[in-house]
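[1] A structural model of the following input is requested.
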Amino acid sequence: MSTVFNFTFVPWFRSVAPYIHKFRHQTFVVGLTGEAIAAGKLHNIAQDLAMIKAMGVKIVLVHGFRPQVNEQLQAKGHQAKYSHGIRITDSVALDCAQEAAGQLRYEIEAAFSQGLPNTPMADSTVRVISGNFITARPVGIVDGVDFEHSGLVRKVDVAGIQRALDMDALVLLSPFGFSPTGEAFNLSMEEVATSVAIALKADKLLFLSEVPGIRTDPEAPEGDDNPIDTELPLAQARQLLARVPASQRPTDTAFYLQHCVKACQGGVERSHIIPFAVDGALLLEIYVHDGIGTMIVDEKLEELREATADDVGGILQLIEPFEKDGTLVKRDRTEIERDIANYTIIEHDGVIFGCAALYPYPEARTAEMAAVTVSPQSQGTGDGEKLLKRIEQRARNLGLESIFVLTTRTMHWFIKRGFVVVDPVWLPEARKRKYNWDRRSQVLVKKL
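    Prediction:
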């Protein structure tokens, strides 16, 4: 049993390592809904945040308290009132909000103080710092509605939060702000988290929400393995917001999306909507390539580019398993270093997920497309087609009329994309001399 575990654990841990390196010293702002706490998820979320922090990430946690405040209001026989998607906070609601915030802060601090043996929190020390880091202003009267003690973020004490983060503390913020005259205002968790992420120039904003993510294709079947969009470019997210009605409820498409878009526009490159119902959702979203929710990105994280000498190690790591199982012919480091200018790669978040090389034979007006590799993690996502198109373009730029491949196992993939099988004698003389007749590779050609 332990041998099986070793074979699964070691590759998994190696695949996670690039993300651990990348996110060390970065700042994440996490918006934790009151619904997640009410659903009993706080204990596991605190453990996951402690692990993420232990891997060198600076964390600001903003908690919500929507259901807790409503529960307090109900106990007092008082109706929760909303307008324009914002709570109207009268004096009773303000008391309830302060009571709920105090209770939740104690619960959250207690969750980070657990250090039981045989748990992820064993031997961990998570110092939690809270404070009056948010200056607020009143919402005021909008369309004749007086929002009373409801407020909006006026200013974030960036220096104060940064000092706490530099002391290796987790910063915990309640959705409250104070005016310069000392008046308290009830804010929304989503607005506080977004404003703090923008002000801190955070690397990520993550909402642990009631919804699994954004679904842009209403035709996608319910049973689809991946019915949500795991990555949504900012431009597409803006278009979607323009089509959907203004948000009133957390389950509305626009509710979290509008804050993610605002964060991206404010300089936060990645904002995420992930489901708190899935155990370990934060870990899955941060340390697994495809994640679990929807990531809105200010730029396309996937970069298709020509390789440089710095990419040799990543290419070797990518192709090694395929060389071992015989899918690819073995290439040593010296050969790849020598030919690195021939390679095109697909890089995602600093990790190489695909590569292909172009070897021209100008005298025959053709070129070989070689070492075509796509990581198992991103197969089926279109990366192979992107590499093929770029290689075709490079061949056209050289004035060539065709490209060819030699393959033993992926013939059908190439045939579907316009290649035709030819006899090995078709090969250019220089390539024919290097053809391995024992391997009996199929030769496929595509006219450009």
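[2] and for residue 416, the neighbour number?
    8 (other CB atoms under 10 Å). Just so you know, the C-beta spots here come from the backbone N, C-alpha and C atoms, and that holds for glycine as well.
[3] that one and residue 389: what is the separation?
    In this view, residue 416 and residue 389 are 14 Å apart by CB to CB, to the nearest Å.
[4] quick one: residue 185 and residue 137 touch, right?
    Yes. Look at residue 185 against residue 137 with CB atoms under 8 Å: they come within range, at 7.5 Å.
[5] the two - which one has more neighbours?
    For the pair residue 185 and residue 137, the greater number of neighbours falls to residue 185 (26 against 15), based on other CB under 10 Å.
[6] residues in contact with that one?
    89, 136-138, 149-152, 176-179 (CB atoms under 8 Å, 6 or more residues apart in numbering).
[7] please repeat the previous calculation with a cut-off of 7 Å.
    By CB atoms under 7 Å, 6 or more residues apart in numbering, the residues touching residue 185 are 136, 138, 149-151, 176-177, 179.
[8] which of these are buried?
    Among the contacts of residue 185, those buried by neighbour count (16 or more other CB atoms under 10 Å) are 136, 138, 149-151, 176-177.
[9] which pair in those spans the largest distance?
    With CB to CB as the measure, no two of these lie farther apart than 138 and 176, at 13.2 Å.
[10] spatially central residue in this structure, please.
    The residue lying closest to the centre of the chain (CA atoms, centre = their mean) is residue 295, at 4.9 Å.
[11] next one: the nearest residue to residue 436 once chain neighbours are set aside from residue 434, what distance?
    Of all residues not flanking residue 436 in the chain, residue 329 sits nearest, at 7.6 Å (CB to CB, 6 or more residues apart in numbering). Separation of residue 329 from residue 434 (CB to CB): 10 Å.
[12] out of the two, which sits in the busier spot?
    A count of neighbours by other CB under 10 Å puts residue 329 above the other of residue 329 and residue 434, at 15 against 9.
[13] just the element for the more buried one, please.
    Residue 329 is part of no helix or strand when elements are defined by DSSP states H and E.
[14] phi and psi next, for it.
    Main-chain torsions, residue 329, degrees, to the nearest 10: phi -70, psi 140.
[15] where does the stretch 301-448 of the chain have low pLDDT?
    Residue ranges of the stretch 301-448 of the chain with pLDDT under 70: 301-302.
[16] what segments of it are helices?
    Counting by DSSP state H, counting those that start in this stretch, the stretch 301-448 of the chain has helices at residues 312-324, 333-338, 383-397, 411-416, 429-432.
[17] got the contact list for the fourth one?
    When you say that, I think you mean helix 411-416. Contacts for helix 411-416 (CB under 7 Å, 6+ apart): 405, 407, 442, 444.
[18] same check on the second one?
    Applying CB under 7 Å, 6+ apart, the contact partners of helix 333-338 are 309, 312, 315-316.
[19] can you turn the buried part of those residues into a ChimeraX selection?
    The ChimeraX selection below is limited to those of the contacts of helix 333-338 classed as buried (16+ other CB under 10 Å):
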select :312,315,316
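[20] taking the contacts of residue 185 one by one, which sit in strands?
    Mapping those onto strands (DSSP state E) picks out 136, 138, 151, 176-177.
[21] any chance of these in a markdown table, with distance to residue 106 too?
    Below are the ones in strands among the contacts of residue 185 laid out as a markdown table (distance: CB to CB, whole Å):
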| residue | distance to residue 106 |
| --- | --- |
| 136 | 23 |
| 138 | 28 |
| 151 | 23 |
| 176 | 15 |
| 177 | 20 |
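[22] could those residues be laid out in CSV, adding pLDDT and distance to residue 28?
    Below are the ones in strands among the contacts of residue 185 laid out as CSV (pLDDT from 0 to 100; distance: CB to CB, whole Å):
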residue, pLDDT, distance to residue 28
136, 93, 23
138, 90, 30
151, 91, 25
176, 92, 21
177, 92, 21
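[23] looking at the residues you listed, spot the one nearest residue 145.
    For those, the nearest to residue 145 is residue 138 (12.5 Å; CB to CB).
[24] what about the strands in the stretch 151-300 of the chain?
    151-156, 170-173, 176-178, 184-186, 204-209, 231-233, 270-275, 294-297 (DSSP state E, counting those that start in this stretch).
[25] and the ones you listed: which comes nearest residue 124?
    strand 170-173 (11.1 Å).
[26] can you show me the CA trace of that closest one as PDB?
    Taking C-alpha atoms only, strand 170-173 is exported to PDB below (Å, rounded to 0.1, in the frame of the first residue of the first chain):
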ATOM      1  CA  LEU A 170      -2.400  36.900   9.400                       C
ATOM      2  CA  VAL A 171      -4.500  40.100   9.200                       C
ATOM      3  CA  LEU A 172      -8.200  39.600  10.000                       C
ATOM      4  CA  LEU A 173     -10.700  42.300   8.900                       C
END
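[27] what strands line up against that strand, and which way round?
    strand 58-63 (parallel), strand 128-129 (parallel) (DSSP bridges).
[28] in it, what's buried?
    170-173.
[29] could I get these as CSV with pLDDT and distance to residue 80?
    As requested, the buried residues of strand 170-173 are exported to CSV (pLDDT from 0 to 100; distance: CB to CB, whole Å):
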residue, pLDDT, distance to residue 80
170, 95, 30
171, 97, 29
172, 96, 25
173, 96, 22
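[30] ok, back up a step: now the buried ones among the contacts of residue 185 in a markdown table, with distance to residue 207?
    Output for those, formatted as a markdown table (distance: CB to CB, whole Å):
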| residue | distance to residue 207 |
| --- | --- |
| 136 | 21 |
| 138 | 25 |
| 149 | 24 |
| 150 | 20 |
| 151 | 20 |
| 176 | 19 |
| 177 | 19 |
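[31] domain-wise, how is this protein divided?
    The chain breaks down by automatic domain parsing into domains covering 2-300, 303-447.
[32] let me know which of the ones you listed is tucked in deepest.
    Of all these, domain 2-300 carries the top mean neighbour count, a mean of 18, counting by mean count of other CB atoms under 10 Å.
[33] centre of the chain versus that one, how much separation?
    Between the centre of domain 2-300 and the centre of its host chain there is 14 Å, according to CA atoms, centre = their mean, to the nearest Å.
[34] now residue 141: closest residue in space, sequence neighbours ignored.
    residue 147 (7.3 Å).
[35] kindly provide the distance from the one you found to residue 89.
    From residue 147 to residue 89 the distance is 7 Å (CB to CB).
[36] repeat that for residue 207.
    22 Å.
[37] do residue 390 as well
    As judged by CB to CB, residue 390 and residue 89 stand 55 Å apart.
[38] repeat that for residue 325.
    63 Å.
[39] residue 282 too?
    Residue 282 sits 30 Å away from residue 89, going by CB to CB.
[40] which strand residues bridge residue 345?
    Beta-bridge pairing for residue 345 (DSSP bridges): residue 305, residue 355.
[41] pretty sure it sits against residue 310.
    No. In this structure, residue 345 is not within contact of residue 310 by CB atoms under 7 Å, at 10.6 Å.
[42] brilliant, that's me finished.
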